[in-house]
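Novice: need a 3D model of the sequence below.
(2 chains)
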2 protein chains.
Amino acid sequence: MPNYIEPIEKLIRQFTKLPGVGSKTAQRYALTVLSMSEEEAQAFANAVVEAKNNVHVCSVCGNYTDTDPCRICSTRDGSVICVVQEAKDVLAVERIGEYKGVYHVLGGVLNPLKGIGRDDLRLSELFARLTGDVKEVILATDTSAEGEATATYIARFVKQCGIKVTRLAQGISIGSELQYADEVTLSRAFLNRKEI
Amino acid sequence: MPNYIEPIEKLIRQFTKLPGVGSKTAQRYALTVLSMSEEEAQAFANAVVEAKNNVHVCSVCGNYTDTDPCRICSTRDGSVICVVQEAKDVLAVERIGEYKGVYHVLGGVLNPLKGIGRDDLRLSELFARLTGDVKEVILATDTSAEGEATATYIARFVKQCGIKVTRLAQGISIGSELQYADEVTLSRAFLNRKEI
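Specialist: The predicted structure is shown next:
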């Protein structure tokens, strides 16, 4: 017996599919499942299947939803669209509780090195939403090189439509110490300094 | 929408039951499941249920098995019993590929502070195995205070049965630097020094 018996090995292999989970961690997870009661393990398995079956992508904004269009698209101010990379970024913005507009989830960013081009993102869906009702597009992609490039690409198109386009402010994080700020952030903060 | 929709929240809650998984990690895992194909998610769920349904505890040694007695108990030399804390420790010993005897999984160690006493471990099952055929009991519990105390407790009983009892050697790990060895390990290594 060089390894665990087949049912455990199978479960370990499944757990290694999760991001950042190696064989040691997967092993711990599998042994935790084995120590659960039968009901608990069944509830775990059901949650996986139910989430997969009941959660869909909103046909308008691309966010995860169990209705279509999603609750945000159907109840909120459609004149402001916040463009984000991933569904989890929607949650990050929602958490501040101040934004009242709708979202557009791209499903990634342009990344030629990884072969992710315009057609791999929900860009045409975004551009199709830019009708007369839209007053502002907020670009909230990551501040990585790819996120910036994607924002620039979208901004060019949105401007051509005569719609206001904004980018989230970049600078020093609140509560962080100046000495630990990286060079790029600090130079960006200097560039964007405001008169007070 | 202060949080994710219900099916996703439910899945996140399930993932937080795994050891060392907080809400952020659980969120990442849940979104990974959502990005799987339906077949993959189903396979994941099946692996959980199948592992739970098909894996049992060997009635002899307490290791996880899908047969009873397990393959190790039914095919290997029963005259040497290696006593370990958890099923995963069996795998650790199996990995060296040299041990040809059988195992006994305690399911933990004596820990009065956590209320784990003699009856919570598979101790009576171990003592019941100490028939005339057994020639040696190897104590391979952890070197924690609780692991040592448990080993001492078992050793006393096994000796009374007139059976040889051994403990895994303790000292400096192979490949480690002396300067980084902790005091207890180093003092134990001095105590157990061998003439060469």
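
Novice: tell me the SS of residue A:24?
Specialist: Secondary structure, DSSP: H, G, I helix; E, B strand; the rest coil: residue A:24 is helix.

Novice: pLDDT wise, what is it at?
Specialist: Per-residue pLDDT puts residue A:24 at 90.

Novice: pretty sure residue A:79 belongs to a helix, no?
Specialist: No - with three-state DSSP as the criterion, residue A:79 is located in strand rather than a helix.

Novice: give me every residue that touches the residue nearest the centre of chain A.
Specialist: Nearest to the geometric centre of chain A sits residue A:86, at 1.9 Å (C-alpha atoms, centre = their mean). Applying C-beta atoms under 8 Å, 6 or more residues apart in numbering or on different chains to residue A:86 gives the contacts A:105-108, B:31. In short, each C-beta sits where N, CA and C put it, glycine included.

Novice: would you turn the residues you listed into CSV with distance to residue B:151, pLDDT and neighbour count?
Specialist: Below are those laid out as CSV (distance: C-beta to C-beta, whole Å; pLDDT from 0 to 100; neighbours: other C-beta atoms under 10 Å in any protein chain shown):
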residue, distance to residue B:151, pLDDT, neighbour count
A:105, 56, 95, 24
A:106, 58, 95, 22
A:107, 55, 91, 18
A:108, 54, 92, 16
B:31, 45, 90, 20
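
Novice: want to try TSV for the residues you listed, with distance to residue B:131 and secondary structure as columns?
Specialist: As requested, those are exported to TSV (distance: C-beta to C-beta, whole Å; DSSP: H, G, I helix; E, B strand; the rest coil):
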residue	distance to residue B:131	secondary structure
A:105	66	strand
A:106	69	coil
A:107	65	coil
A:108	64	coil
B:31	55	helix
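
Novice: show me which pair in those residues is furthest apart.
Specialist: A:106 and B:31 (14.9 Å; C-beta to C-beta).

Novice: what ranges do the helices span in chain A?
Specialist: A:6-15, A:23-35, A:38-54, A:71-75, A:87-96, A:123-129, A:145-160, A:183-191 (DSSP state H).

Novice: could you dump those helices to TSV with distance to residue B:75?
Specialist: Below are the helices of chain A laid out as TSV (distance: least, C-beta to C-beta, whole Å):
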stretch	distance to residue B:75
helix A:6-15	17
helix A:23-35	23
helix A:38-54	29
helix A:71-75	59
helix A:87-96	49
helix A:123-129	60
helix A:145-160	55
helix A:183-191	62
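
Novice: closest to residue B:12 out of these?
Specialist: Residue B:12 lies closest to helix A:38-54 among the helices of chain A, at 8.9 Å (C-beta to C-beta).

Novice: and stretch A:46-63, which residues are buried?
Specialist: A:46-52, A:55, A:57-58, A:60-63 (16 or more other C-beta atoms under 10 Å in any protein chain shown).

Novice: many thanks, we can stop here.
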